[in-house]
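Asks: no FASTA, just this:
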C-alpha cells in the first residue's frame, strides 16, 4: 500500500542581524535561513549560530561559491586534493603553513612557511631551490625561450659545474659560460674555449692552460693585444714591481698621439721618458736632445747613425765579463782600445784578405790581398801632400822622392833593394853615416850631392 503525504515544510528564518543577536543553538539537522542574504546553516545540536558555517548555494550560473574549503593535510603519496584515477598526484600540505604539489607520489614543488620555493627539494634553504640531475644540452635546470621559440638560453648544474648557455631551439650551444666546481671560469664557443680563468687567477685567451697571469695563445694565427685610447688620447700600460710601493717600482709603456712609443719611469710626481722610439724609427735613450748642451743621452737613428749627448767624460764604454773597460770613446772625440784593433778584413792566416791590425803592444800590420796591383798601402800626409808612403810591393818613399828638379826625398825599392836619395844639396853632405858609440869621429862616412865621399 502506498501512502502519499502532501504538506509544506517551513524552516526557521530571520534576518542575518537577528540571527546573530539571538545566536541560538540549532538542533542536529535543523536548518536556519537568513531572509535578507539567502544563506542558510544546518545545526549540529551543540554549536551556536555564529560558530556554524554557511552552506553553499548555487549562483545564477549554477556555480556554488565556497569561501573556505577545509581539507586534511594529506601526503605526497595521498594528496588531499587529487583527481579521478590518479590518487597520487595532486596538492597536499607537508605541515603548518606549507603547500606542496606531488606527481606519481613524489613531491615536486614545495612552498614553506616563509615563502621559499623548492623544486625537487623539500628542505628549502634559499628563496628558490632547484634540485635534480641536469646537463648542458637536453635537460637543463632552467630553460628560457623567446616568443618565437627559435632562440633559447639555459642554465645547468652538472656535478657542481654551473653552465649558462645560449643557442637555438635545437639544444646546440652557440656560447657557454661555465663555472667549474674547481673554481675555473671558462667561456667557450663552437670552436672551443675562447677565454679561461684558472683557479690561480691566471687568464688564458685561446688556451685552457694559462702559464702566466695573461696568456694569449690562439690555436692558429698571430696573437695580438689591442689597447686603444679614445680619439685624441694616448694608450699606456703601467707596470708595478714589488706592489708599486715606491716610485722606483713603477714603469709605463706608452704610445702618444704623435706616433711615439715610450718607456717611462716614475720620478716622484710625474712620468719621465727613459726611451723613445719615434714615428720615423729613431731611438732616443735617456735625456737625449739634439744640439742641447748639458744633456746626457744618445739616439740610434733609423739611418744607422749613433749620436750622443754627453756632458763631459766617457761617451761610450764597452766592458768585458770582468767589468774591465775594453773600448772607450770620450766626448772630446778621442778613443781608447784595450786590445787589438782590426780594420777591414785583416787576417793573420788568409792570403786573400785586405785590412789592418793595431795590437795592444802598438804593432801596426797592413795587409793587401796577394797579387793585387801595387799601390800606396800606407801614407803620411801633410794636408793633402803625401810625405811618406809604403806600397804593397814593399817599396817606400819619404819626401819628394822623384828625379825632378829641386826634389828632396828617399826611395827604397821593394824586392830589388834599391835605395835612392834625391837631394838639392850639391856640394854639401847629402847622406851621412854617423857613429854614436861615443869614440872617434862622429861622422864616419859622408856622401855629397856632387858624388864625392868622405870617410873618417
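Replies: Cool, got the structure. A quick note: this is a predicted structure, and the numbers were derived from the prediction, not measured.

Asks: three-state assignment of residue 19?
Replies: helix (DSSP: H, G, I helix; E, B strand; the rest coil).

Asks: list the contacts for it?
Replies: By CB atoms under 8 Å, 6 or more residues apart in numbering, residue 19 lies in contact with 32, 34, 49. All C-beta atoms are positioned from the backbone trio N, CA, C, and that covers glycine.

Asks: which residues touch residue 40?
Replies: 11, 31, 32, 33, 34, 54, 55, 57.

Asks: if you could redo that for residue 302, that was the one I meant.
Replies: Residue 302 neighbours (CB under 8 Å, 6+ apart): 280, 281, 282.

Asks: which pLDDT value belongs to the closest residue to it other than its chain neighbours?
Replies: In this structure, residue 302 finds its nearest non-sequential neighbour in residue 281, 3.6 Å apart by CB to CB, 6 or more residues apart in numbering. Per-residue pLDDT puts residue 281 at 90.

Asks: before we move on, which element is residue 281 in?
Replies: For residue 281, there is no enclosing helix or strand under DSSP states H and E.

Asks: quick check: mean pLDDT across stretch 61-74?
Replies: Stretch 61-74 shows a mean pLDDT of 80.

Asks: same question for stretch 400-419.
Replies: 72.

Asks: what sits up against that stretch?
Replies: The contact list for stretch 400-419 (CB under 8 Å, 6+ apart) reads 391, 393-399, 420-425.

Asks: now those in TSV, with distance to residue 267, neighbour count and secondary structure?
Replies: Shown next, in TSV, are those (distance: CB to CB, whole Å; neighbours: other CB atoms under 10 Å; DSSP: H, G, I helix; E, B strand; the rest coil):
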residue	distance to residue 267	neighbour count	secondary structure
391	60	17	strand
393	64	15	coil
394	63	14	coil
395	64	20	coil
396	61	17	strand
397	62	21	strand
398	61	18	strand
399	62	16	strand
420	71	14	strand
421	71	17	strand
422	70	20	strand
423	71	18	coil
424	72	11	coil
425	73	14	coil
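
Asks: wait, residue 263 sits on residue 251?
Replies: Yes. Residue 263 is within contact range of residue 251, at 6.9 Å (criterion: CB atoms under 8 Å).

Asks: quick check: neighbours shared by the two?
Replies: What both residue 263 and residue 251 touch, as defined by CB under 8 Å, 6+ apart, is the set residue 274.

Asks: before we move on, back to that, measure the residue nearest to residue 302 to residue 199 for me?
Replies: 44 Å (CB to CB, to the nearest Å).

Asks: and if you look at residue 389?
Replies: Distance, residue 389 to residue 199, by CB to CB: 79 Å.

Asks: how about the strands in the stretch 51-200 of the chain?
Replies: Applying DSSP state E, counting those that start in this stretch to the stretch 51-200 of the chain gives strands spanning 81-83, 86-92, 99-103, 106-111, 117-119, 128-130, 142-145, 151-158, 161-168, 173-179, 185-189, 192-197.

Asks: just put the ones you listed in TSV and tack on distance to residue 2.
Replies: Output for these, formatted as TSV (distance: least, CB to CB, whole Å):
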stretch	distance to residue 2
strand 81-83	43
strand 86-92	43
strand 99-103	52
strand 106-111	57
strand 117-119	63
strand 128-130	68
strand 142-145	69
strand 151-158	73
strand 161-168	77
strand 173-179	81
strand 185-189	88
strand 192-197	92
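
Asks: can you redo those as TSV with mean neighbour count, mean pLDDT and distance to residue 323?
Replies: Compiled in TSV, those are given as follows (neighbours: other CB atoms under 10 Å; pLDDT from 0 to 100; distance: least, CB to CB, whole Å):
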stretch	mean neighbour count	mean pLDDT	distance to residue 323
strand 81-83	13	93	94
strand 86-92	16	95	90
strand 99-103	18	96	84
strand 106-111	17	96	80
strand 117-119	18	96	75
strand 128-130	14	94	71
strand 142-145	13	92	69
strand 151-158	19	91	63
strand 161-168	17	92	58
strand 173-179	16	92	55
strand 185-189	16	94	50
strand 192-197	16	93	45
